[in-house]
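Trainee: Here is a sequence with its predicted model. Questions after.
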Amino acid sequence: MKSDEFSQGRPSRLGLFGGTFNPIHRGHLRVAEDVLRHLALDQIFFIPSALPPHKSTGALAAAQDRLEMVRLALAGHAQMSVSEIEIQRTGPSYTIDTVRQFKVMSSATTEFFFIVGVDAFLEIHTWYQFKQLFEETAFAVVSRPGSGLWTGAMRRDMLDYMRRHLSDAYELTAEGDRLTHPNLPAIHLVPVTPVEIASSQIRAMVQRGQPIDPWVVPAVARHIQQRGLYR
């Protein structure tokens, strides 16, 4: 979605889902559906990165291919859209820049929720300007594959991590569903439906000539085949 299109009709609760999406698969869609429902969001934007600063680009499909695969995967999902913000930006794709750009294009009443997996979140202290990021947006941190649930140990790890790296004022709610801070947006701990697949597994299946239809929408499978991706 372009910036001028975004300014036309802004939702009040907006999820930002960044990643390489290399390729996008049904697990990504399941996460988005669960977060939409759990946090009552109006819209989620999938944001394919151009040059992810934390990942090797050896098996990374071209940005335009990944963007097109996300478009194809989201067809028919009224509350999910794709944003070209990071594809259009030159240089590395820093999350802080993306969030700030969305906020410039939005109304002051829009609430933002940055969607990220728990393992990636527990490395967020390595991200560019990570402390400022917690001032700009709430977080929707999704649980690991497996049961899809948050265990007591996972919640404690999250709380210890935030107190160690950002502020000892963080507290876990009695319900165990959020980390709260007196001056910063909340960190929501979102359970998700388990889908045992990763993009790296799909790329390996393509290399071996195995069918990937159970894991990606048909239009994405066709795009991968027609473009000869991951071979």
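Mentor: Noted; the coordinates are in hand.

Trainee: Around Gln64, how many other residues sit close by?
Mentor: 13 (other CB atoms under 10 Å). No exception for glycine: its C-beta is placed from N, CA and C like everyone else's.

Trainee: Same question for Ile47.
Mentor: 27.

Trainee: Leaving aside the residues adjacent along the chain, what's closest to Glu196?
Mentor: Pro145 (5.5 Å; CB to CB, 6 or more residues apart in numbering).

Trainee: Next secondary structure element downstream of the helix or strand of the chain with the lowest mean pLDDT?
Mentor: Within the chain, no helix or strand scores below helix 3-6, which has a mean of 43 by mean pLDDT, DSSP states H and E. Using DSSP states H and E, the next helix or strand after helix 3-6 towards the C-terminus is strand 13-19.

Trainee: Now that following strand: average pLDDT?
Mentor: Average pLDDT, strand 13-19: 96.

Trainee: Quick check: which helices or strands does that strand pack against?
Mentor: The helices and strands touching strand 13-19, judged by 3 or more CB pairs under 8 Å, 6 or more residues apart in numbering; DSSP states H and E, are helix 26-39, strand 43-48, helix 95-104, strand 111-117.

Trainee: can you do 6 Å?
Mentor: strand 43-48, strand 111-117 (3 or more CB pairs under 6 Å, 6 or more residues apart in numbering; DSSP states H and E).

Trainee: partners of the first one, with directions?
Mentor: According to DSSP bridges, strand 43-48 forms sheet pairs with strand 13-19 (parallel), strand 80-82 (parallel).

Trainee: Turn those into JSON lines, columns for mean neighbour count and distance to Gln207.
Mentor: Shown next, in JSON lines, are the strands paired with strand 43-48 (neighbours: other CB atoms under 10 Å; distance: least, CB to CB, whole Å):
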{"stretch": "strand 13-19", "mean neighbour count": "22", "distance to Gln207": "21"}
{"stretch": "strand 80-82", "mean neighbour count": "21", "distance to Gln207": "26"}
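
Trainee: Val190 is nearest to which of these?
Mentor: Proximity of the strands paired with strand 43-48 to Val190 was assessed by CB to CB; the nearest stretch is strand 13-19, lying at 10.3 Å.

Trainee: Just confirm Trp215 contacts Gly27, I think it does.
Mentor: No: with contacts counted by CB atoms under 6 Å, Trp215 stays clear of Gly27, the gap being 7.8 Å.
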